[in-house]
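# Give me a 3D structure for the following:
(chains A, B, C and D)
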Number of protein chains: 4
Amino acid sequence: MNAGRLQESVTIRLSHSDAAGVIFFPNAFMLEQESFERWLEGGGILLREMLEGMLAPTPVVHCEADFSCPVRVGDRVVMRLAGVGVGETSFTLAWAMELGGRVAIAVRVRRVSVDPASGRAIGLPERLRTLLAASQAATSTIS
Amino acid sequence: MNAGRLQESVTIRLSHSDAAGVIFFPNAFMLEQESFERWLEGGGILLREMLEGMLAPTPVVHCEADFSCPVRVGDRVVMRLAGVGVGETSFTLAWAMELGGRVAIAVRVRRVSVDPASGRAIGLPERLRTLLAASQAATSTIS
Amino acid sequence: MNAGRLQESVTIRLSHSDAAGVIFFPNAFMLEQESFERWLEGGGILLREMLEGMLAPTPVVHCEADFSCPVRVGDRVVMRLAGVGVGETSFTLAWAMELGGRVAIAVRVRRVSVDPASGRAIGLPERLRTLLAASQAATSTIS
Amino acid sequence: MNAGRLQESVTIRLSHSDAAGVIFFPNAFMLEQESFERWLEGGGILLREMLEGMLAPTPVVHCEADFSCPVRVGDRVVMRLAGVGVGETSFTLAWAMELGGRVAIAVRVRRVSVDPASGRAIGLPERLRTLLAASQAATSTIS
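From the prediction side, this is the model:
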């Protein structure tokens, strides 16, 4: 069972930064979204399938982040999937952005599977559920 | 006592959107940051003072958002400061992004006042504390 | 004849900046797009009409910018439509971002009107042509 | 002589897109900046050295892009350094973003080496000049 891509190295770029010299805080979520897309791909799912209506899209319903120490341009952070929560119609991914062995930014995003026509929550597609189960087994279970 | 700018109308632009046709979720925080800067200005504080070291900068330590319904390009949302929390060294602003009378996106951001040299948390500057108190009195108290 | 909104004041925000302390250069175009949308609105045209297929969309086919002096967070620039070029199927808007009376950034964007189904260039919609003519008369003619 | 990283594959992400379903045009420059940073790294130069004043920073003075066909989320484009121009104090990089063998977006960016203190143009640092010469020899010479 493929657990997708659970860890990757990401270099902080000028485009992620702001005039305070650190990562512009909303960009923690931009990076999460990029890792999410690669995680999906690792599990054989393309975001494009969701955009084109072949797979139920999964809009974000909740997201949060905790910032523990400054992350600067040129820093190479390890983006690590730290935990997975699975519900009937939604799932949560918890990511740790690690710098020098400690968690610099912790990000948590909950997405819900929706029917493209009505916009109402529907059960998670089987392929996604399989990927989530494998990733949860390889990391940890969160609520 | 000036409570800053507690409410404003914001039009969702193409730059805020993504291929799903709605606001790209990290941009809820980008909009919060822009309203935060205007709120500061309404209270006589310039972000630039923080960037240039004349006032303690206030990096974000926690942020979260809840998305209740899709927000699209052209939508005019009301960005309303809904609550203020004040601690010794940190403060929290809760914002409601309202669309058609209901809260489409709720955003909450906690910032901490830091010493620019050491990066350690320090007491909130008096001017900021005054603005926070006025804004809290005009909205509501949150933890 | 309404010439749209030909000039506006824009404050540079943290979200526009990068770790070099100035506007992140691609954001000059993001600001152009926002002024473009407000210019359209001033002329009674909503970008949303283009996105929803009621009016031919106008994707960018060429853009360029010249940067003359640093623009920083907190700077209030005047975004001024400086010139308009009109072709059969495309149009060009030239903008001057002025700071302290001089042009800090000059931006030029050419958009082409396309048929949403085929993606092929088509004649500019009449309403847009009217707005362009009025704006050109109020500014200057460029190629 | 190391010519840096002259070509790489880049997947278009949701973060690059807009509600028209294609890459948001300013993001062509964001992608250029990221490839520029990796090209520098391939040549042993870190952007951070410029940000921290150990190497003359190179702000953008001119940029332009031509868009030939739509680029969508999930598209894997080849970002290829197509040409290099070298002056006394400035240099130009021309990039081709290729999709399915044709150039979808052509980007050209001119950066100038400046003295961090005065902001005035200065001769290109030797290390950068060496990298530019090698890259020019491996691609083509542009003005």
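# Low-confidence stretches in chain A?
A:1-4 (pLDDT under 70).
# Could I get the full set of strands for it?
In chain A, strands defined by DSSP state E lie at A:7-11, A:60-67, A:76-86, A:90-99, A:102-112, listed in chain order.
# Need the contact partners of the shortest one.
Where contact means CB atoms under 8 Å, 6 or more residues apart in numbering or on different chains, the residues beyond strand A:7-11 that reach it are A:31, A:34-35, A:38, A:74-81, A:97, D:37. Bear in mind the C-beta positions are built from the backbone N, C-alpha and C, glycine included.
# that older thread, export the strands of chain A as JSON lines, with columns for mean neighbour count and distance to C:Gly119.
Putting the strands of chain A into JSON lines (neighbours: other CB atoms under 10 Å in any protein chain shown; distance: least, CB to CB, whole Å) gives the following:
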{"stretch": "strand A:7-11", "mean neighbour count": "14", "distance to C:Gly119": "34"}
{"stretch": "strand A:60-67", "mean neighbour count": "21", "distance to C:Gly119": "30"}
{"stretch": "strand A:76-86", "mean neighbour count": "19", "distance to C:Gly119": "36"}
{"stretch": "strand A:90-99", "mean neighbour count": "21", "distance to C:Gly119": "36"}
{"stretch": "strand A:102-112", "mean neighbour count": "20", "distance to C:Gly119": "31"}
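# Quick one, which of those strands gets closest to C:Pro57.
Taking CB to CB as the measure, these were each checked against C:Pro57, and strand A:60-67 came out nearest at 26.3 Å.
# Quick one: name the residues of chain A near chain D.
Applying CB under 8 Å from any CB of the partner chain, one finds that chain A approaches chain D through A:11, A:13-15, A:21, A:30, A:33-34, A:37, A:46-48, A:51, A:72-74.
# Now list the buried members of those.
With neighbours counted by 16 or more other CB atoms under 10 Å in any protein chain shown, these contain buried members at A:13-15, A:21, A:30, A:33-34, A:37, A:47-48, A:51, A:72-74.
# from those, which are also near chain C?
Contacts with chain C within these, as defined by CB under 8 Å from any CB: A:Leu14, A:Ser15, A:Gly21, A:Arg72, A:Val73.
# From the chain's centroid, how far away is stretch A:42-50?
Taking CA atoms, centre = their mean, to the nearest Å, one finds stretch A:42-50 lying 13 Å from the centre of the chain it belongs to.
# contacting residues around that stretch?
Residues beyond stretch A:42-50 that count as contacts (CB under 8 Å, 6+ apart) turn out to be A:2-6, A:37, A:40, A:55-58, A:127-128, A:130-131, A:134-135, B:20, D:14, D:72-74.
# what's near enough to touch the spatially most central residue of chain A?
With distances taken as CA atoms, centre = their mean, chain A has A:Phe36 as the residue nearest its mean C-alpha position (3.8 Å). Taking CB under 8 Å, 6+ apart, we find A:Phe36 in contact with A:Leu93, A:Val109.
# same thing but 7 Å
By CB atoms under 7 Å, 6 or more residues apart in numbering or on different chains, the contact list for A:Phe36 reads A:Leu93.
# Can you dump the C-alpha atoms of stretch A:103-123 in PDB for me?
What follows is stretch A:103-123, C-alpha atoms only, in PDB (Å, rounded to 0.1, in the frame of the first residue of the first chain):
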ATOM      1  CA  VAL A 103       9.600  22.000  14.400                       C
ATOM      2  CA  ALA A 104       9.700  25.600  13.200                       C
ATOM      3  CA  ILE A 105       6.200  25.600  11.800                       C
ATOM      4  CA  ALA A 106       3.400  23.100  12.500                       C
ATOM      5  CA  VAL A 107       0.500  23.200  10.000                       C
ATOM      6  CA  ARG A 108      -2.800  21.400  10.200                       C
ATOM      7  CA  VAL A 109      -5.300  21.400   7.400                       C
ATOM      8  CA  ARG A 110      -8.800  19.800   7.200                       C
ATOM      9  CA  ARG A 111     -10.300  19.200   3.800                       C
ATOM     10  CA  VAL A 112     -13.800  17.900   3.100                       C
ATOM     11  CA  SER A 113     -14.900  15.900   0.100                       C
ATOM     12  CA  VAL A 114     -17.700  17.700  -1.700                       C
ATOM     13  CA  ASP A 115     -20.100  16.900  -4.500                       C
ATOM     14  CA  PRO A 116     -19.000  19.300  -7.400                       C
ATOM     15  CA  ALA A 117     -22.600  19.900  -8.400                       C
ATOM     16  CA  SER A 118     -24.300  20.600  -5.000                       C
ATOM     17  CA  GLY A 119     -21.200  21.600  -3.000                       C
ATOM     18  CA  ARG A 120     -22.400  19.300  -0.200                       C
ATOM     19  CA  ALA A 121     -20.100  17.000   1.800                       C
ATOM     20  CA  ILE A 122     -19.900  13.400   0.500                       C
ATOM     21  CA  GLY A 123     -18.000  10.300   1.500                       C
END
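# separation between the nearest residue to A:His62 once chain neighbours are set aside and A:Glu64?
Nearest residue to A:His62 in three dimensions, chain neighbours excluded: A:Arg110, at 4.3 Å (CB to CB, 6 or more residues apart in numbering or on different chains). A:Arg110 sits 9 Å away from A:Glu64, taking CB to CB, to the nearest Å as the criterion.
# Could you give the separation of the longest helix along chain A from the chain centroid?
Taking residue count as the measure and DSSP state H as the definition, the longest helix of chain A comes out as helix A:27-42. When C-alpha coordinates are averaged (CA atoms, centre = their mean), helix A:27-42 and its chain have centres 5 Å apart.
# Also stretch A:99-111?
With CA atoms, centre = their mean, you get 10 Å for stretch A:99-111.
# that older thread, and the residue nearest to A:His62, what are its bridge partners?
Beta-bridge pairing of A:Arg110 under DSSP bridges involves A:His62, A:Thr92.
# which residues touch it?
Contact analysis of A:Arg110 by CB under 7 Å, 6+ apart lists A:Val61, A:His62, A:Ser90, A:Thr92.
# Could you check how far the closest residue to the third one other than its chain neighbours is from chain C?
With CB to CB, 6+ apart as the measure, A:Val112 is the residue that lies nearest to A:Ser90, at 4.1 Å, once sequence neighbours are left out. If you measure A:Val112 against chain C using CB to the nearest CB, to the nearest Å, the figure is 24 Å.
# quick one, what contacts A:Val112?
Applying CB under 7 Å, 6+ apart, we find A:Val112 in contact with A:Thr58, A:Pro59, A:Val61, A:Thr89, A:Ser90, A:Ala121.
# Tell me how many other residues crowd the nearest residue to A:Asn27 once chain neighbours are set aside.
The shortest distance from A:Asn27 to any residue other than its chain neighbours is 4.5 Å, reached at A:His16 (CB to CB, 6+ apart). Close neighbours of A:His16, defined as other CB atoms under 10 Å in any protein chain shown, add up to 25.
# How about A:Ser140?
By the measure other CB under 10 Å, the count of residues near A:Ser140 is 12.
# Nearest spatial neighbour of it, chain-adjacent residues omitted?
Leaving aside its chain neighbours, A:Ser140 sits nearest to A:Gly83 (4.3 Å; criterion: CB to CB, 6+ apart).
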